[in-house]
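Chemist: Need a 3D model of the following:
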Amino acid sequence: MAKDSTPNDRIELPNNSVAWAPCKIGSGLTNGANCSIGALAHIGRDVSMGNSCRIQGGAYIADLCILGDRVFIGPNATLLNDRYPPSGNKELWQPITVKDGAVIGGGSTIVPGCDVGANAVLAAGAVLTKSLPDGEVWAGNPATYLMTREEYDNKR
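Modeler: Numbering: from 1, shown residues only. The predicted structure is shown next:
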């Protein structure tokens with residue numbers, strides 16, 4: 001069942017997870033333990049979230065997307081699934097998979113069928129037009145290689 005909310009409500013989700021109103025959570029959400037979904041987020045139908053995912057306010061996660069464990073999605077990031085909208089045909093959709101430990105920066109966009117590798121980082125405002133490999137940091141429009149995750153972590 002889809003969940004709509006009113007402002008300032010805490011929405012309890014299974015597995016000690018929470019969402020903050022107002023937000024939209026589509027039917028069929030599967031979430032792991034200790035996840036958080038920010039206000040104004042839109043989570044599509046049949047989305048799967050692993051453990052300890054953090055989705056910031058205003059993020060849009062399209063139907064059927066898959067998020068691994070410890071995925072962070074910044075505010076107003078967009079994960080799409082329909083390369084030729086509005087196709088109206090679920091068989092043509094290309095949902096996105098974001099693997100364990102990945103970071104999606106605020107305001108970034110991932111086009112359908114472009115997966116994000118484990119421990120990869122997509123910079124704020126970037127537009128991902130092809131899959132991002134494990135352990136790499138990409139930025140820009142279109143997003144391109146910037147550095148390794150190890151270099152990124154050392155800068156923090």
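Chemist: So which bits of stretch 114-124 are buried?
Modeler: Residues of stretch 114-124 classed as buried: 114, 115, 116, 117, 118, 119, 120, 121, 122, 123, 124 (neighbour count, 16 or more other CB atoms under 10 Å). Just so you know, the C-beta spots here come from the backbone N, C-alpha and C atoms, and that holds for glycine as well.
Chemist: Give me the local confidence score for the residue nearest the centre of the chain.
Modeler: Nearest residue to the geometric centre of the chain (CA atoms, centre = their mean): residue 73, 5.0 Å. With respect to pLDDT, residue 73 scores 98.
Chemist: wouldn't it be in contact with residue 61 here?
Modeler: Yes - using CB atoms under 8 Å, residue 73 is in contact with residue 61, at 7.2 Å.
Chemist: List just the nearest of the buried residues of stretch 114-124 to residue 94.
Modeler: residue 114 (8.3 Å; CB to CB).
Chemist: a helix runs through that closest one, doesn't it?
Modeler: No - applying DSSP: H, G, I helix; E, B strand; the rest coil, one finds residue 114 to be coil, outside a helix.
Chemist: my guess is it meets residue 133, correct?
Modeler: No - here residue 114 lies out of contact with residue 133, judged by CB under 8 Å, at a distance of 11.4 Å.
Chemist: For the chain, give me the ranges with low pLDDT.
Modeler: 1-8 (pLDDT under 70).
Chemist: Which parts of it are helices?
Modeler: Secondary structure of the chain by DSSP state H: the helices cover 149-155.
Chemist: just to revisit the earlier point, can you add distance to residue 83 and give the buried residues of stretch 114-124 back as CSV?
Modeler: As requested, these are exported to CSV (distance: CB to CB, whole Å):
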residue, distance to residue 83
114, 10
115, 14
116, 17
117, 20
118, 24
119, 26
120, 21
121, 24
122, 18
123, 23
124, 24
